[in-house]
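Undergrad: here is a sequence with its predicted model. Questions after.
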Amino acid sequence: MTTFTTWDIVRNLLLATQWTILLSLVAFVGGGVAALLALLARTSQNRAARRLAVFYIELFQGTPLLMQLFLFFFGLSLVGVNVPPWLAAALALILWTGAFLAEIWRGCVEAIPRGQWEASSSLAMSYFEQMRHVVLPQALRIAVPPTVGFSVQVVKATALTSIIGFVELSKASTMITNATFQPFVVYGFAALIYFALCWPLSKSSQLLERKLNVAHRNH
Amino acid sequence: MSLIAITEVRKRFGTNEVLKGINLDVAAGEVIAIIGKSGSGKSTLLRCINGLETIDEGSIVVAGAQLAADEVHLRALRLKVGMIFQGFNLFPHLTAGRNVMLSPMVVKKVSAKEAEEEARVRLAQVGLDHKFDAYPDQLSGGQQQRVAIARALAMRPLALLCDEITSALDPELVNEVLQVVGKLAAEGMTLLMVTHEMRFAREVCDRVVFMHQGRVHEIGPPGDVFESPKTLELRQFFGMA
Amino acid sequence: MAVGLDFGALADYVPVFVKGVGVTVELTVVGGTLGISLGVTCAWVKTQGPKLLRPVVSLYVELIRNTPFLIQLFFIFFGLPSIGVSMGEMEAAILAMVINLGAYACEIIRAGIEATPRGQFEAGASLAMSRFQTFRHVVLRPALQRIWPALTSQLVIVMFGSAVCSQIAVEDITFAANFIQSRNFRAFEAYIVATLLYLALAILLRQGMRLLGTALFPRRRAAR
């Protein structure tokens, strides 16, 4: 019979934290790409593309992430693909993140005054040129604080993937609890690790926003 | 004995002293206009009398209620003086009637029925009894300011402080508010008003206070102050120098 | 390979879903009401309340907003009994939701309070109302009106989050779907139905909040 010291618990939790971080990064980067595509479709001249983007965004924002995880996990096996939990987790999180980031970024694009679009189209720029050279560079600045803020939601959301069996920090906590019978200590430490990951992101989002507000006031 | 006694009042915002030793006694029933350039400290003085600003030195006493920073003293003071603001400050989520009823019910624990009767009387006094159920955003600026006056009156104050109450109004709405104030003055209400309406000040007030750089620079009956200003600054203020 | 969806296989399990919907609604309504009340209290402390309590509230808000709901729930349900505080799964779920929503609602409502024009506080004060009376009768309702849409969104997020409560055997919609797919192996169909139920509840919840909003705030325009 092995006994677990507190250090054993923490060490094992930290090992699992790697997977939480990796999954967060994958979801955030992949979600960013998905969001950019959705954003371009959402703001394009093409009606069908706009509709598709709205459908995608509302579908993933309007249903629980846990259901999305289950549907990817069980749905893909239905078409004969045997999906490992990490793949279902990554796909669901990427699409979920993309839907939210697309909406956040759309708000930032729409915050750019109409005059900027009009001025750039009067210079004979195409839609993509306008986006690339005029609107996105301006929208990017105001998009940074809420984007960093949303990364906190992504890190926390990875905890749900434990339910479909992906072994990250939360799943590891449950496994360690089952071996040690010390739920108070294990979940307490898990919470502290999540806090250590998320709090710096929250704080920098707040600071960035304050900085941006000050910069705006001085204009 | 004076109703409002202001003695050696000093007030600083950081290093900037905005009131530099103010002395002013106001008798019951007196109507006083405070005039002066912006930044002369006239609004600050008014806000001090209602305890919206703290003072650094000196004392303000209204009918035995002394200005102090704690809630008990502030409450006692504010039960004796009401205040009307430049920006009306009606409560947007309440009807005109409810605006007038709120404080008597909350502060004086008056029953809803009594408060409503009082509110109807006060709204009638300012000519707005038919607007009892209107919300502030359904009223003109002049009407909103008259509701604000009714709201202050419902607390039965001994004196009213009016802080540039017509400055935010369109010119055609100024008169309806001044008429209400003139009527109050005629009925014997003690009034202390910061105002730019010189004609009104001359016609209605017992005394005029000219403030300049945080001091009472000149004071006297409107006849004297307006006809023969003694100081260069007051003549400059009137644009006569 | 032919893919067959067979929703007919779910027919026998309608009562299970009905019960699940009832539990999810109960979690959302009870947790939502108490959570918003906690949020109002915390927002009051942070803007008006005793200065001594403010760091305590800030710590609570930061801790909750920077950890996953799942961990909060497991800490309450599995962790607290080991220090002598145990409760049923439903109580634990509601407590976790209240604590979670309370932190988010606190920040949302605080923003609403801070947007109150200074003149409203001054008008209350000049009418001899105490700071608390001014907050209660003058400031709070327009503040809630300003942030009502954000509060509604947060409530929907919390309802979606409640799906996790199935993990401590709270018999909500997700629990129903888990149960059914373990019986008839029609996982995809079960989760599609569960997802649609959540979607419908979210629409109803938004509608309900809109109605509650029009009842609470008779005028559309709040003070600016």
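TA: The structure has been received and is ready for your questions.
Undergrad: okay, now B:Val209: neighbour count?
TA: 23 (other CB atoms under 10 Å in any protein chain shown). Where you see a C-beta, it was placed from the backbone N, CA and C, and this is true even at glycine.
Undergrad: next, it: secondary structure please.
TA: For B:Val209, the secondary structure call by DSSP: H, G, I helix; E, B strand; the rest coil comes out as strand.
Undergrad: could I get the full set of strands for the chain?
TA: As the question left the chain open, I've gone with chain A. Remark: strands of chain A are absent; assignment by DSSP state E.
Undergrad: I was thinking of chain C, sorry if that wasn't clear
TA: Under DSSP E, chain C gives no strands.
Undergrad: chain A contacts on that one?
TA: Contact residues, chain C versus chain A (CB under 8 Å from any CB of the partner chain): C:1, C:3, C:62-63, C:65-72, C:74-75, C:78-83, C:160-161, C:163-164, C:167, C:174, C:177, C:181, C:187-188, C:191-192, C:194-195, C:198-199, C:202.
Undergrad: just the ones of those residues in helices?
TA: C:62-63, C:65, C:69-72, C:74, C:160-161, C:174, C:177, C:181, C:187-188, C:191-192, C:194-195, C:198-199, C:202 (DSSP state H).
Undergrad: are any of the residues of chain C next to chain A buried, and if so which?
TA: Restricting these to buried positions leaves C:62-63, C:65-72, C:74-75, C:78-80, C:160-161, C:163-164, C:167, C:174, C:177, C:181, C:187-188, C:191-192, C:194-195, C:198-199, C:202, with burial counted as 16 or more other CB atoms under 10 Å in any protein chain shown.
Undergrad: let me know how buried B:Thr166 is, in neighbour terms.
TA: Neighbour number of B:Thr166 under other CB under 10 Å is 24.
Undergrad: no, scratch that, I was asking about C:Leu34
TA: Count around C:Leu34 with other CB under 10 Å applied: 17.
Undergrad: so how far is C:Cys165 from the closest residue to it other than its chain neighbours?
TA: Spatial nearest neighbour of C:Leu34, chain neighbours left out: C:Val98 (4.5 Å); criterion: CB to CB, 6 or more residues apart in numbering or on different chains. Counting by CB to CB, to the nearest Å, the gap from C:Val98 to C:Cys165 is 13 Å.
Undergrad: same check on A:His133?
TA: 49 Å.
Undergrad: which one of those two is surrounded by more residues?
TA: Taking other CB under 10 Å, A:His133 and C:Cys165 do not tie; C:Cys165 has more neighbours (28 against 12).
Undergrad: biggest helix in chain A, by residue count?
TA: Per DSSP H, chain A has its longest helix at helix A:6-42.
Undergrad: what helices and strands are in contact with that one?
TA: helix A:47-61, helix A:85-110, helix A:136-157, helix A:169-180, helix A:183-217 (3 or more CB pairs under 8 Å, 6 or more residues apart in numbering or on different chains; DSSP states H and E).
Undergrad: got the residues of chain A near chain C?
TA: Going by CB under 8 Å from any CB, the residues of chain A near chain C are A:62-68, A:70-71, A:74-75, A:78-80, A:152, A:156-160, A:162-163, A:170, A:173-174, A:177, A:182-184, A:186-188, A:190-191, A:194-195, A:198-199, A:202.
Undergrad: filter the residues you listed to the buried ones?
TA: Using 16+ other CB under 10 Å, the buried ones in these are A:62-68, A:70-71, A:74-75, A:78, A:152, A:156-160, A:162-163, A:170, A:173-174, A:177, A:182-184, A:186-188, A:190-191, A:194-195, A:198-199, A:202.
Undergrad: now the strands for chain B?
TA: Going by DSSP E, chain B shows strands at B:4-13, B:16-26, B:31-35, B:57-62, B:65-66, B:81-84, B:159-163, B:190-194, B:207-212, B:215-220.
Undergrad: any idea of the angle the last one forms with strand B:16-26?
TA: Computed with axes from the mean of the first three to the mean of the last three CA atoms, to 10 degrees, the direction of strand B:215-220 lies at 30 degrees from that of strand B:16-26.
Undergrad: ok, now the third one?
TA: For strand B:31-35 against strand B:16-26, the angle between stretch directions is 160 degrees (the same axes, to 10 degrees).
Undergrad: stretch B:213-233 spans what distance, first to last residue?
TA: Stretch B:213-233 has an end-to-end distance of 10 Å (CA to CA, to the nearest Å).
Undergrad: minimum distance to chain B: which of the helices and strands packed on helix A:6-42 has it?
TA: helix A:183-217 (20.8 Å; CB to the nearest CB).
Undergrad: so who does the spatially closest residue to B:Arg151 that is not a sequence neighbour touch?
TA: In this structure, B:Arg151 finds its nearest non-sequential neighbour in B:Val100, 4.7 Å apart by CB to CB, 6+ apart. Residues counted as contacts of B:Val100 (CB atoms under 8 Å, 6 or more residues apart in numbering or on different chains) are B:115, B:118-119, B:122-123, B:147, B:150-151, B:154.
Undergrad: out of these, who's the most crowded?
TA: Neighbour-wise, the contacts of B:Val100 (other CB under 10 Å) top out at B:Arg151, 31 neighbours.
Undergrad: which residues touch the residue nearest to C:Leu34?
TA: Contacts of C:Val98 (CB under 8 Å, 6+ apart): C:31, C:34-35, C:38.
Undergrad: ok, longest helix in chain B?
TA: Longest helix in chain B, counting by DSSP H: helix B:171-186.
Undergrad: how about low-confidence regions in chain B?
TA: B:240-241 (pLDDT under 70).
Undergrad: and the residue of it closest to chain A?
TA: B:Gly14 (20.8 Å).
Undergrad: that residue - how many residues pack around it?
TA: 5.
Undergrad: cool, the one 4 residues further on as well?
TA: If you count neighbours by other CB under 10 Å, B:Val18 ends up with 19.
Undergrad: do I have it right that it meets B:Gly41?
TA: Yes. Counting by CB atoms under 8 Å, B:Val18 touches B:Gly41, with 4.7 Å between them.
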